[in-house]
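1. Dropping the sequence and predicted coords here.
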Amino acid sequence: MNDMTETTTQSEQTKSVHRFAERQGHYYSKQFEKIQSSNNLTLTFNLSAALFGPLWASARNVWGFFWASTIATLVALVQLGRGLWGELGADELARAERLGNKSQEMAAKAQAALEAGISNAEVLQRNADNLQRAADKFLAAADTAAAGANQLMLWGVLSLIAITLIQGFLANIFYEQKYCRWRAGSTDTSGFSQQNLLVGAVMLAVMFPLTLYRFTVAKPVEWLTQFPADKAVFSGAASWLDEGFDNVALKGAGFFDGITSTIRVLLDGLEVVLVETPWPVIAMVILVIAWRMAGPRVAIFTLAALAYLAFLGYWEKSMATVALLGAAATLCVLLGVPFGILCAKSRTIDTAVRPVLDFMQTMPAFVYLIPIIAFFGTGKPPGILATLIFGMPPVVRLTALGIKQVPESIVEGALAFGCTRRKLLLDVEIPLAMPNIMAGVNQTILMCLSMVVIASLIGAEGLGTDVLQALQFAAKGQGLLAGLAILFCAMIIDRIVQGCFKSSNRE
């Protein structure tokens, strides 16, 4: 009975492999059975894959195998081509020729000066000798490079043989894994595709000749190494963007000034509290907050960090930096949390916002400064705006993630007991999503602090100014001390926020 069941199972698998492979189903059925029947690695050899690795992979839709085989084969062919017809040492020969010509010119000038009785004849002759020695070194380097042609050929041939064997031994293993995914219900494409075979052949016909030509010819045609860009198009696009920025800044001056004034009010209030208030008061408040929120260990660390800032003269700049951070982080949270809730509630908004958040996170931070300067000028408020763009994505993403992860059963239960949408959000979803929201707030705070140095480029001041000056004048000690001050500010804020979150969870 067991034998009949096993025979039926094998027959079903054979039919399944035939449907999967379409061509050579009998061969692949045997190979897959051999691979699956062994607990250890079973070596099978696929001659078609060994001889035509990339083409076999494209026809069988094994594109990972295709790219690995193509790249490995290209590397081997380049080495072989360089050894066969590559102009090895051509650059060194050209340099040697140029230096030799200059040496001859210098020697001629030295001879003329000697005949004319000019005193610098000896100096000219010495320079000619130095140039000739340099030319001789390049000639020796060219000879050494040319002598390595046979070695490159050998490495190329051995690499091709090794790649052929590896392709043959691994092809059935990769293909069997693809078959298992297909049988498990994956969307992997099965069968033998002539269309994909044609696509793979065209790609190889483009990649192989061009790559071999590029790496085996000393001076390939210019269009192959440099894209034929049109400088007029670049100039026109840059001028058009300049005019666009200027027009928007001129027409929206009132709007941009209003935003700047609002941020300045918030920033001035924080600076009055943190900078103008006597330092013992601020230090005591920070220590009490650290003690109450995060415990005695964090309070001791906070005391040591504040002592570092005070004794090295960074107190005022540190508080100014924290004021900048506070204004930026406050705006990030006030705007980011509601926006994250909207993204969680509306799939349309989430779909539209996701690429914008990707853009905000992947765009280099320095690029943010260009439109900020164009629309808002320089100073602390523009620095806060640049920090806002850089720091808002984490709180938006994690807030949306937290709201989405609230179990449906809890939401349905709350609605069944008559909970309104407003009460559901405030009393059920937000409390349950609070771990994600607080993680987003923490990440936003630290990312805002990381913008301190960059924002100092447009006059945001604070500790970033010291780091910027250290970079400009190579003041290594000053830069390290200021960097440590920024680090301690970040660690104090991070420990307090984490402690606050842990204490709220315990409650």
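-> Perfect, I can see it now.
2. Domain boundaries for this structure, per the record?
-> Domain ranges of the chain: 2-86+151-225, 90-147, 249-506, per automatic domain parsing.
3. From those domains, pick the one with the highest average neighbour count.
-> Neighbour counts (mean count of other C-beta atoms under 10 Å) averaged over each of these peak at domain 249-506, with a mean of 17. (C-beta placed from N, C-alpha, C; glycine too.)
4. For L241, find the nearest of the domains of the chain.
-> Of all those, domain 249-506 sits nearest to L241, with 9.7 Å by C-beta to C-beta.
5. Centre of the chain to that closest one, how far?
-> Taking C-alpha atoms, centre = their mean, to the nearest Å, one finds the center of domain 249-506 at 23 Å from the center of the full chain.
6. Would you format the domains of the chain as CSV with distance to D242 and mean pLDDT included?
-> Below are these laid out as CSV (distance: least, C-beta to C-beta, whole Å; pLDDT from 0 to 100):
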stretch, distance to D242, mean pLDDT
domain 2-86+151-225, 30, 84
domain 90-147, 41, 75
domain 249-506, 9, 84
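7. Determine which of the ones you listed approaches A237 most closely.
-> Closest among the domains of the chain, once you apply C-beta to C-beta, is domain 249-506, at 14.5 Å.
8. on that earlier part again, how about the domains of the chain in a markdown table, adding distance to K231?
-> Output for the domains of the chain, formatted as a markdown table (distance: least, C-beta to C-beta, whole Å):
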| stretch | distance to K231 |
| --- | --- |
| domain 2-86+151-225 | 15 |
| domain 90-147 | 28 |
| domain 249-506 | 21 |
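9. Which among the ones you listed is found nearest to S239?
-> Here domain 249-506 is closest among the domains of the chain (C-beta to C-beta), at 14.5 Å.
10. quick revisit: the domains of the chain: which one's closest to F234?
-> Closest approach to F234 among the domains of the chain (C-beta to C-beta): domain 249-506, 16.3 Å.
11. My guess is L325 contacts S450. True?
-> No: using C-beta atoms under 8 Å as the test, L325 is too far from S450 to be in contact (10.1 Å).
12. List the residues that are in contact with both of those two.
-> Common neighbours of L325 and S450 (criterion: C-beta atoms under 8 Å, 6 or more residues apart in numbering): none identified.
13. Distance check, the residue nearest the centre of the chain against S261.
-> Most central residue of the chain, judged by C-alpha distance to the mean C-alpha position with C-alpha atoms, centre = their mean, is T362 at 7.7 Å. Going from T362 to S261 by C-beta to C-beta, to the nearest Å gives 31 Å.
14. and if you look at M447?
-> Taking C-beta to C-beta, one finds M447 at 25 Å from S261.
15. What residues does the nearest residue to L424 once chain neighbours are set aside make contact with?
-> Closest residue in space to L424, ignoring its immediate chain neighbours: A414 at 5.3 Å, by C-beta to C-beta, 6 or more residues apart in numbering. Counting by C-beta under 8 Å, 6+ apart, A414 makes contact with 423-424, 428.
16. Including secondary structure and distance to L160, could the residues you listed go into a markdown table?
-> Converted to a markdown table, those look like this (DSSP: H, G, I helix; E, B strand; the rest coil; distance: C-beta to C-beta, whole Å):
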| residue | secondary structure | distance to L160 |
| --- | --- | --- |
| K423 | helix | 71 |
| L424 | helix | 66 |
| V428 | helix | 65 |
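17. Closest to L124 out of the residues you listed?
-> V428 (90.4 Å).
18. Leaving out chain neighbours, which residue sits closest to the closest one?
-> A414 (5.0 Å).
19. Can you tell me the element that neighbour falls in?
-> Assigning secondary structure by DSSP states H and E places A414 in helix 408-416.
20. Restricting to C-alpha, output that helix in CSV.
-> Taking C-alpha atoms only, helix 408-416 is exported to CSV below (Å, rounded to 0.1, in the frame of the first residue of the first chain):
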residue,chain,number,x,y,z
GLU,A,408,-9.4,44.6,13.8
SER,A,409,-11.2,42.6,16.5
ILE,A,410,-10.6,45.5,19.0
VAL,A,411,-11.9,48.1,16.6
GLU,A,412,-15.0,46.0,15.8
GLY,A,413,-15.6,45.4,19.5
ALA,A,414,-15.4,49.1,20.3
LEU,A,415,-17.7,50.0,17.5
ALA,A,416,-20.1,47.3,18.6
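21. could you say what helices and strands whichever strand or helix holds M491 packs with?
-> Taking DSSP H and E as the definition, M491 sits inside helix 476-506. Here helix 476-506 touches helix 279-294, helix 296-311, helix 315-345, helix 430-450, helix 463-473, going by 3 or more C-beta pairs under 8 Å, 6 or more residues apart in numbering; DSSP states H and E.
22. before we move on, the earlier item: distance of the residue nearest to L424 from E429?
-> Distance of A414 to E429, given as C-beta to C-beta: 9 Å.
23. Repeat that for I445.
-> 23 Å.
24. Ok, N127 next?
-> 81 Å.
25. okay, the one helix or strand L198 maps to in CSV with CA atoms only?
-> Assigned by DSSP H and E, L198 belongs to helix 194-216. Extracted C-alpha coordinates of helix 194-216, given in CSV (Å, rounded to 0.1, in the frame of the first residue of the first chain):
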residue,chain,number,x,y,z
GLN,A,194,11.3,31.9,-26.4
GLN,A,195,10.4,35.5,-25.9
ASN,A,196,12.7,35.7,-22.8
LEU,A,197,15.4,33.8,-24.6
LEU,A,198,15.3,36.5,-27.3
VAL,A,199,15.4,39.2,-24.7
GLY,A,200,18.4,37.6,-23.0
ALA,A,201,20.2,37.1,-26.4
VAL,A,202,19.7,40.8,-27.3
MET,A,203,21.0,41.9,-23.9
LEU,A,204,24.0,39.7,-24.2
ALA,A,205,24.6,41.0,-27.8
VAL,A,206,24.7,44.5,-26.5
MET,A,207,26.6,44.0,-23.2
PHE,A,208,29.3,41.6,-24.3
PRO,A,209,30.8,43.4,-27.4
LEU,A,210,30.5,46.9,-25.9
THR,A,211,32.1,45.9,-22.5
LEU,A,212,34.9,43.9,-24.2
TYR,A,213,35.6,46.9,-26.5
ARG,A,214,35.6,49.3,-23.6
PHE,A,215,38.1,47.4,-21.4
THR,A,216,40.4,46.0,-24.1
